[in-house]
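Student: would you be able to build a 3D model of this:
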Amino acid sequence: MTAARLIPLPEGFGGSPFKLPCETVSVVVIGRNEGKRLTKCLEAVNRMRYPATLLEKIYVDSESNDRSVEQAAEAGFKVLSYRAAFRTAAGARDLGWRASGSDLVLFLDGDCAVDPDFLRHAVSCILDKRVSAICGRIREVRANSCAKRRTLALHWEINRTAQPGWSYYTGGCALVKRTALVEVGGFNVELAATENTDLGWRLTKSAGGVWFVDRTIADHDSGVQSWSELFRRNIRNGYWFERYNADRRPTTETDAPAEMRTSAGWKAAPGLAAVLFGAALAGPGGATFGLGAAAAASLWKRMRKIRRVRGTSADVTDGLLLAYYDFTVWCGGLRYLAERAVGIPGAFQTSADWRSTGEGSAP
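Tutor: Numbering: from 1, shown residues only. Reported below is the predicted structural model:
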């Protein structure tokens, strides 16, 4: 990699030159039937304040039946077709980076519009910090337009925001060194969800680690149309997160994050204990009281987490929405444990789709 030098801003952006490592970057966008979301994603890539001559743009399409392929070609992207009996976002990303030719790869989902300044900052940071990957904040668009979007926005803001520094999670949008991807073998294409946790942890253990920056990478447009879609999304994510952790838990490193070492079953233990204790003391009424106490404790825990991240007081509504998000993900984990116990494969082992329309960058 070459030393930094002054490079003028692309024509039309104005301003003075910025100091930027003269590095080529492969931008890998994945998507399936994203429609207008893909249009915004591609336009955002082309508006990045990074010299166009240093960019290789790749779009990986997962059998879309809209104009996604034509849109990407018209925007100047090389189009790759991803086909698989079990289609996953990890498989699409893996195909994209292996077809790229740059030392750095910027991964983006087709429902995300990248911040115009993120790449130039991330390139400088990934060289200065000598790390393998750079990740940051994701911001849900129109977060206050409805409770469903607000719930997702809280997840991005509270659950997936960390203090600047080391992280074990890359997210779907991140800048990663190609040499690090080669070293860890790329993505686990068999994971329908939690593939970013898997990649981030493997990078942390063997390839230099992941660095979280306190900057917005992209604006995310989930396109969630109903509570049932949000419920299916969270159940799927919880299911695969528990499956991933259960498969590796017997050999999980002691320095792994607590959420990777704790089963969904054990997470249910405090609430179950409260219910049983209440029932033993006062019968059905006591059990109801114990359940209420467990719910109140869960809400208090989420509100405390919100206060810690924001540094201000937490709204009860936000606490309830975040508790709902975490509860549905936890239910997905319990579903996996139940299916494993009876030996019945679930729907999420044969299909990764959660949207009723079959759309989605992360199917």
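
Student: would you mind measuring from C173 to A246?
Tutor: Noted for C173: a distance of 27 Å to A246, by C-beta to C-beta, to the nearest Å. Quick note: C-beta positions are derived from backbone N, CA and C, even for glycine.

Student: which stretches of the stretch 1-150 of the chain form helices?
Tutor: 36-46, 68-74, 89-98, 118-128, 147-154 (DSSP state H, counting those that start in this stretch).

Student: find the residue closest to G101 in space, skipping its chain neighbours.
Tutor: Closest residue to G101 apart from its sequence neighbours, by C-beta to C-beta, 6 or more residues apart in numbering: E56 at 6.1 Å.

Student: ok, now G319?
Tutor: Closest to G319 by C-beta to C-beta, 6+ apart is M303, at 4.0 Å.

Student: contacts only, for the closest residue to R83 other than its chain neighbours.
Tutor: Excluding its sequence neighbours, the residue lying closest to R83 (C-beta to C-beta, 6+ apart) is E63, at 6.1 Å. E63 sits next to 32, 81-83, 87 when contact means C-beta atoms under 8 Å, 6 or more residues apart in numbering.

Student: can you put those residues in CSV and add neighbour count and distance to T216?
Tutor: CSV is the format used below for the contacts of E63 (neighbours: other C-beta atoms under 10 Å; distance: C-beta to C-beta, whole Å):
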residue, neighbour count, distance to T216
R32, 26, 24
S81, 13, 31
Y82, 21, 28
R83, 10, 33
R87, 19, 29
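
Student: coming back round to it: tell me which of C173 and A246 has more neighbours.
Tutor: Each of C173 and A246 has its neighbours counted (other C-beta atoms under 10 Å); C173 has more, 23 against 16.

Student: pretty sure the more buried one contacts V114?
Tutor: Yes - with contact defined as C-beta atoms under 8 Å, C173 counts as touching V114 (7.1 Å).

Student: quick check: the gap between the residue nearest to R83 and V342.
Tutor: Counting by C-beta to C-beta, the gap between E63 and V342 amounts to 33 Å.

Student: same question, F77
Tutor: From F77 over to V342 the distance is 46 Å, taken as C-beta to C-beta.

Student: I306 and I158, how far apart?
Tutor: Distance from I306 to I158, by C-beta to C-beta: 6 Å.

Student: oh, I was asking about G171
Tutor: Relative to I158, and taking C-beta to C-beta, G171 is found at 14 Å.

Student: compare those two (neighbour count), which wins?
Tutor: With other C-beta under 10 Å as the criterion, G171 and I158 differ in neighbour count, and G171 comes out ahead with 25 against 20.

Student: was I right about that one contacting C135?
Tutor: Yes - with contact defined as C-beta under 8 Å, G171 reaches C135; the gap is 5.0 Å.

Student: between those two, what contacts are shared?
Tutor: I217.

Student: top strand in this structure by residue count?
Tutor: strand 210-220 (DSSP state E).

Student: that one - contacts with which helices or strands?
Tutor: In terms of contact count using 3 or more C-beta pairs under 8 Å, 6 or more residues apart in numbering; DSSP states H and E, strand 210-220 is assigned the packing partners strand 112-114, helix 118-128, strand 133-140, strand 165-167, helix 195-206.

Student: of all these, which lies closest to R335?
Tutor: R335 sits nearest to helix 195-206 of all the helices and strands packed on strand 210-220, at 18.5 Å, using C-beta to C-beta.

Student: now that closest one: average pLDDT?
Tutor: Across helix 195-206, the average pLDDT comes to 89.

Student: which residues touch that helix?
Tutor: Against helix 195-206 from outside (C-beta under 8 Å, 6+ apart): 88-90, 93, 132-133, 135, 166-172, 174, 176, 180, 183-185, 187-188, 191, 209-210, 241, 244, 253, 256, 260.

Student: hmm, 7 Å instead?
Tutor: 89-90, 132-133, 167-172, 180, 183-184, 187-188, 191, 209-210, 244 (C-beta atoms under 7 Å, 6 or more residues apart in numbering).

Student: right, so the helices of the stretch 1-150 of the chain: which one is the most enclosed?
Tutor: Ranked by mean neighbour count, the helices of the stretch 1-150 of the chain are led by helix 89-98 with a mean of 24 (mean count of other C-beta atoms under 10 Å).
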